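Colleague: Sequence and predicted model, in that order:
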Amino acid sequence: MSVQAGREVEHEITVLAAAEDVYRLLAEVENWPRLFPPSVYVDVLEREGNLERIRIWATANGEAKNWTSIRDLDPDGLRITFRQEISAPPVASMSGTWIVEPLGEEESRLRLLHEYRAIDDDPEGLAWIDEAVDRNSRAELPSVKAGLEEATRTDELTLSFVDSVTVEGSAKDLFDFVNEADRWTERLPHVNDVKLTEETPGLQVLRMETLTKDGSAHTTESVRVCFPHHRIAYKQTTLPALMNLHTGYWLFEEAPDGTTTASSQHTVVLNAANITKILGADAGVPEAREFIRNALGNNSRATLEHARKYAEARR
């Protein structure tokens, strides 16, 4: 039987953004939920110099998955090499490189290289990987291009904010309140309906209908990554019409005096095309920013206040 060689393949796309900005956005993993539609949350597990080990949570065929990768950052060469720490069959190994090449002050070429082998060098397995890598790369690069261009050109459409409350209670009780979202219809007056699934511990899909102060209802779906008992990160996968992106986290930080600071953070990218449809013909970006800040902030503060009462009653 002949030995099957591995594969080296390349895909590329032109991005209307400066090469340095493209590299920076790819290198800073906190940007990934914005750049890669399947990406929910990325955590740096270890870092030594330009070498880092990251854990990635993402959706695949409607399910939440996670894996770890090793990355080697080269800011001078505008290159990022990566390899999967543990690959899933039929993949025996998978590695690759992002290469950013300047084409002008506000234009760059983004190249994505993959190198991989199939388990036992199986020809059918290799063909399956060929097809998957090609399909995923062709779908991924236009989305990354759009995310990179949006991130470098639309600062006014992006807003991030945090609401916090000090609680005379434990981080565990606060975490439990937010983690047990399947009970929110009985605990939170602004939640009309909720469905929570958690096939893998710590990875949740949350679908719910919420009310804003004006009485309008919004149905959203989020993937949540839970880290007992201090953080719950999430990304909305079904969005209201006024948003192109919504990510955030709940954070619970205990102090030496026994109190806990509970925080709710949001990052939103507005959908400019829908502003007048949703808010009226006279509305613009400032009005949309204010509307989103108030709508999300009001619900977050209400949740934090109910979580505070829950935790303090158990102290």
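Modeller: It's in. Numbering: from 1, shown residues only.

Colleague: Flag every buried residue along the helix or strand harbouring residue 261.
Modeller: For residue 261, the element it lies in under DSSP states H and E is strand 260-270. For strand 260-270, the neighbour count (16 or more other Cβ atoms under 10 Å) marks 260, 262, 263, 264, 265, 266, 267, 268, 269, 270 as buried. To be clear about C-beta, it is placed using only N, CA and C from the backbone, and glycine gets the same treatment.

Colleague: now swap in stretch 24-35 and tell me
Modeller: For stretch 24-35, burial by neighbour count (16+ other Cβ under 10 Å) applies to 24, 25, 26, 27, 29, 31, 32, 33, 34, 35.

Colleague: average pLDDT for stretch 160-167?
Modeller: Mean pLDDT, stretch 160-167: 98.

Colleague: Dump it to PDB, restricted to CA.
Modeller: Extracted in PDB, the C-alpha atoms of stretch 160-167 (Å, rounded to 0.1, in the frame of the first residue of the first chain):
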ATOM      1  CA  SER A 160     -19.100  48.700  24.900                       C
ATOM      2  CA  PHE A 161     -20.300  49.400  28.400                       C
ATOM      3  CA  VAL A 162     -20.400  47.800  31.900                       C
ATOM      4  CA  ASP A 163     -23.000  47.900  34.700                       C
ATOM      5  CA  SER A 164     -22.000  46.800  38.100                       C
ATOM      6  CA  VAL A 165     -23.500  46.300  41.600                       C
ATOM      7  CA  THR A 166     -21.900  45.600  45.000                       C
ATOM      8  CA  VAL A 167     -23.500  42.600  46.700                       C
END
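
Colleague: For the stretch 201-315 of the chain, which segments count as strands?
Modeller: 203-211, 217-227, 231-238, 243-254, 260-270 (DSSP state E, counting those that start in this stretch).

Colleague: which strands and helices sit next to the shortest one?
Modeller: Helices and strands in packing contact with strand 231-238 are listed as strand 39-48, helix 171-179, strand 217-227, strand 243-254; criterion 3 or more Cβ pairs under 8 Å, 6 or more residues apart in numbering; DSSP states H and E.

Colleague: any weak-confidence spans in this protein?
Modeller: Along the chain, segments meeting pLDDT under 70 span 1-5, 60-63, 213.

Colleague: Show me how the chain divides into domains.
Modeller: Per the record, the chain has its domains at 7-153, 156-313, by automatic domain parsing.

Colleague: buried stuff in the lengthiest helix in the chain?
Modeller: The longest helix of the chain (DSSP state H) is helix 123-153. In terms of neighbour count (16+ other Cβ under 10 Å), helix 123-153 has its buried residues at 125-126, 129, 133, 137, 140-141, 144-145, 147-152.

Colleague: show me the contacts for residue 126.
Modeller: With Cβ atoms under 8 Å, 6 or more residues apart in numbering as the criterion, the residues that contact residue 126 are 4, 6, 7, 90, 117, 118.

Colleague: Would you convert the helices and strands packed on strand 231-238 into a markdown table that also reports mean neighbour count and distance to residue 312?
Modeller: Below are the helices and strands packed on strand 231-238 laid out as a markdown table (neighbours: other Cβ atoms under 10 Å; distance: least, Cβ to Cβ, whole Å):
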| stretch | mean neighbour count | distance to residue 312 |
| --- | --- | --- |
| strand 39-48 | 16 | 29 |
| helix 171-179 | 22 | 8 |
| strand 217-227 | 18 | 22 |
| strand 243-254 | 20 | 14 |
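
Colleague: Using a markdown table, lay out the ones you listed together with distance to residue 162.
Modeller: Formatted as a markdown table, these follow (distance: least, Cβ to Cβ, whole Å):
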| stretch | distance to residue 162 |
| --- | --- |
| strand 39-48 | 17 |
| helix 171-179 | 15 |
| strand 217-227 | 18 |
| strand 243-254 | 9 |
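
Colleague: out of those, nearest to residue 81?
Modeller: strand 39-48 (15.1 Å; Cβ to Cβ).

Colleague: which helices and strands does the next helix or strand after the closest one pack with?
Modeller: Toward the C-terminus, strand 39-48 is succeeded by strand 51-60 as the next helix or strand (DSSP H and E). Helices and strands touching strand 51-60, by 3+ Cβ pairs under 8 Å, 6+ apart, are strand 39-48, strand 63-74, strand 217-227.

Colleague: In CSV: those strands, plus distance to residue 55.
Modeller: Converted to CSV, the helices and strands packed on strand 51-60 look like this (distance: least, Cβ to Cβ, whole Å):
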stretch, distance to residue 55
strand 39-48, 5
strand 63-74, 5
strand 217-227, 9
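
Colleague: closest one to residue 194 among those strands?
Modeller: strand 217-227 (10.5 Å).
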